[in-house]
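>>> Return a 3D structure for these sequence lines:
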Amino acid sequence: MRRIALACLSALALAACGNHDQDKNAPAAASTAPARPSTAPPPPLPAVANEKHDFTPEITAGDFAAHLRVISSDEYDGRKPGTLGERLTTNYIIEQFKRMGLAPGNKGEWVQTVPAVSTELTGQGSLKLDVAEGGGTESFAFGNDMVVGTLQAKADVSLKDSDIVFVGYGVNAPESQWNDFDGVDVKGKTLIVLVNDPGWSANDPRLFKGREMTYYGRWTYKYEEAARQGAAAVFIVHQTEPAAYGWNVVRSGWTTPRLDLPESEDPAPRLPVAGWLTHESAQRLFAKAGKNFDDLAKQADVRGFKAVPLDAKANIDLHSNITHSLSNNVIGMVKGTEKPDEAVVYTAHWDHLGHDPNLKGHPIYNGAIDNGTGIAALLEIAGKFAQEKPKRSVVFAAVTMEESGLLGSKYYVAHPPFPLNKTVADINMDALAITGPTRDMKVTGLGQGTLEDTLAEALKADGRVVSGDDTPEKGGYFRSDHFNFAKAGVPALASGGGIDMVTGGKAAGRAAAEDYNKNRYHQPTDVYDLRWDFTGVMQNVMAYYKVGDKLANSDEWPTWKDGSEFKAIREKSLKK
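Sure, this is the predicted structure:
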């Protein structure tokens, strides 16, 4: 999924575990026994892009499986943006939308072209952050001590004698009466900030959401806020427990080219220099400046903490290769009969990781679970709505470049076919669990908004319930496409397979989650499996449909609950 901490995404946790015998002519599995885990890599998945299948207007396991086999076939070559795999994928989605009778959803067009800019840092082997302090210079090497890059997509960026300031968590949260920037001018300065948020580190339920990470704890927020404050650079101090991933994840994420929307499309302030420091490097930097990092970090947990300037100055020169590219969101819609200007949006990302010619055996990242399942669900739900006449419009957005940083949905939100204050909600589907039926359906970010209550009502017919994320401290709510809608104030639902399996209970559910994360997530082993039991995933697809159907045929406007960091944004939007 995303570049940093991806393996921790809890929305992906309950996915397939089974061995991988493939047959393009096989019907969808219908057994009730859980699939057996496999320790051997799968054989190559046969290409089934031209598979013949008679689709029905209803939501069925057979139709879902047929879409999934095509989307995750070898012929689609891992669905990497900018490749033949993209063209095959987007053409297939458009063809299906047309077959169903949908209308183009982007102001008369089927596609929404998304520009991207790639920044590839050069000279990483010799790159150092030099800090003048204690009468000398302390150097921090790229990779072992720190990682760094520019967020401005410029070929050359220099940081010269920039004053260093420790600003705690780098958070400005008016609704929580917390502002780490109060009383300090950080324009042109280099900031050192802590990962996660005060509630987590202090283990205090009265601060933010306690051990549950809020958006203020996300590394992306810290860069955004520092840029708004006028900082020249930010280094986040990595610690494994509050970050929820090791330094190896950070390092690997920052050694590859960074993709983003160009500034012309996303004009929000961006940092000239952004990066991470290891915990040991932060301790060394602070000690040379006559301070104790760990002591100051504890002080930052207390309300009223004030930023601490260090007697130190930062210097670094960055050189990058800049390239530009284009990809496409595919958008279809069913026009509302009574309130066509109001829209319920379903999203699912179509992209994956392509193929790696250096891999022996099976080199394709087929992405069957991530996110062939989401696209199959999107198409099935679209087909059912196409046979109906909802009062509100229903939009189906198959978005691109999720794996590159949620860029397709970010662009959609910046250029929405329906104004955001007329967008009722987003229902996002990403890496749906195929583990057999469960007694629950998990909501990541439980407690954020009333959409989870609508989902709970939809589950009652099957005697199922809503459950929360097992690891809310990892911030899974902020790591898939719904989050761009949430940031803009639009109520957004992030839900997936449950943990309490009908066969095997919670132990079986957790075992399936562990198996997927260890053996299939972002690996060539994420392929279609004949032994899959579609019973549970189809229950979940129907639940997604019921939530959207309720919203599309009512006057209901979902809201954020008290304490949500997105509530004020939505309220302001609706007043326009």
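>>> what ranges do the strands span in the stretch 251-400 of the chain?
With strands called from DSSP state E, counting those that start in this stretch, the stretch 251-400 of the chain shows them at 258-260, 273-278, 308-334, 339-349, 392-399.
>>> May I have the worst-scoring helix or strand of the chain on mean pLDDT as PDB, with CA atoms only?
Lowest by mean pLDDT, DSSP states H and E among the helices and strands of the chain is helix 198-202, with a mean of 86. Written as PDB, here are the backbone C-alpha positions of helix 198-202 (Å, rounded to 0.1, in the frame of the first residue of the first chain):
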ATOM      1  CA  PRO A 198       1.100  13.100  22.900                       C
ATOM      2  CA  GLY A 199      -1.800  10.800  23.900                       C
ATOM      3  CA  TRP A 200       0.100   7.700  22.700                       C
ATOM      4  CA  SER A 201       3.400   8.500  24.300                       C
ATOM      5  CA  ALA A 202       2.000   9.800  27.600                       C
END
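>>> Name the next helix or strand downstream of that helix, please.
Of the helices and strands lying after helix 198-202 in sequence (DSSP states H and E), the nearest is helix 219-228.
>>> what's the angle between that next one and strand 273-278?
Inter-element angle recorded for helix 219-228 and strand 273-278: 130 degrees (by axes from the mean of the first three to the mean of the last three C-alpha atoms, to 10 degrees).
>>> which residues touch helix 219-228?
Helix 219-228 has contacts (C-beta atoms under 8 Å, 6 or more residues apart in numbering) with 4, 151, 167, 169-172, 181, 186, 191, 193, 195, 215, 234, 236, 268-271, 274, 276, 478. No exception for glycine: its C-beta is placed from N, CA and C like everyone else's.
>>> If we use 6 Å, what do you get?
The contact list for helix 219-228 (C-beta atoms under 6 Å, 6 or more residues apart in numbering) reads Gly170, Asn172, Leu191, Val193, Tyr215, Val234, Ile236, Pro269, Arg270, Leu271, Ala274.
>>> Mind picking the one among those that's closest to Arg510?
Arg510 lies nearest to Tyr215 out of the contacts of helix 219-228, by C-beta to C-beta, at 26.9 Å.
>>> got the contact list for the closest one?
Taking C-beta under 6 Å, 6+ apart as the contact definition, Tyr215 lies against Tyr221, Phe478, Glu565.
>>> For the helix or strand hosting Lys410, C-alpha coordinates in CSV please.
For Lys410, the enclosing helix or strand under DSSP H and E is helix 407-414. Written as CSV, here are the backbone C-alpha positions of helix 407-414 (Å, rounded to 0.1, in the frame of the first residue of the first chain):
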residue,chain,number,x,y,z
LEU,A,407,-2.2,10.2,-5.3
GLY,A,408,-5.2,9.3,-7.4
SER,A,409,-7.7,9.9,-4.7
LYS,A,410,-5.8,13.0,-3.6
TYR,A,411,-6.3,14.4,-7.2
TYR,A,412,-9.9,13.4,-7.2
VAL,A,413,-10.5,15.3,-4.0
ALA,A,414,-8.7,18.3,-5.4
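>>> sorry, back to before: can I get the buried part of the contacts of helix 219-228 as one PyMOL selection?
Burial among the contacts of helix 219-228 is assessed by 16 or more other C-beta atoms under 10 Å; the matching PyMOL selection reads:
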select buried, resi 170+172+191+193+215+234+236+269+270+271+274
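>>> Would you reformat the contacts of helix 219-228 as JSON lines and include distance to Asn517 and pLDDT?
JSON lines is the format used below for the contacts of helix 219-228 (distance: C-beta to C-beta, whole Å; pLDDT from 0 to 100):
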{"residue": "Gly170", "distance to Asn517": "30", "pLDDT": "98"}
{"residue": "Asn172", "distance to Asn517": "34", "pLDDT": "96"}
{"residue": "Leu191", "distance to Asn517": "33", "pLDDT": "98"}
{"residue": "Val193", "distance to Asn517": "28", "pLDDT": "98"}
{"residue": "Tyr215", "distance to Asn517": "24", "pLDDT": "89"}
{"residue": "Val234", "distance to Asn517": "30", "pLDDT": "98"}
{"residue": "Ile236", "distance to Asn517": "24", "pLDDT": "98"}
{"residue": "Pro269", "distance to Asn517": "35", "pLDDT": "92"}
{"residue": "Arg270", "distance to Asn517": "32", "pLDDT": "95"}
{"residue": "Leu271", "distance to Asn517": "31", "pLDDT": "97"}
{"residue": "Ala274", "distance to Asn517": "28", "pLDDT": "98"}
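>>> Now tabulate the contacts of helix 219-228 in CSV and tack on distance to Thr400.
Below are those laid out as CSV (distance: C-beta to C-beta, whole Å):
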residue, distance to Thr400
Gly170, 30
Asn172, 32
Leu191, 33
Val193, 31
Tyr215, 23
Val234, 28
Ile236, 28
Pro269, 25
Arg270, 21
Leu271, 25
Ala274, 24
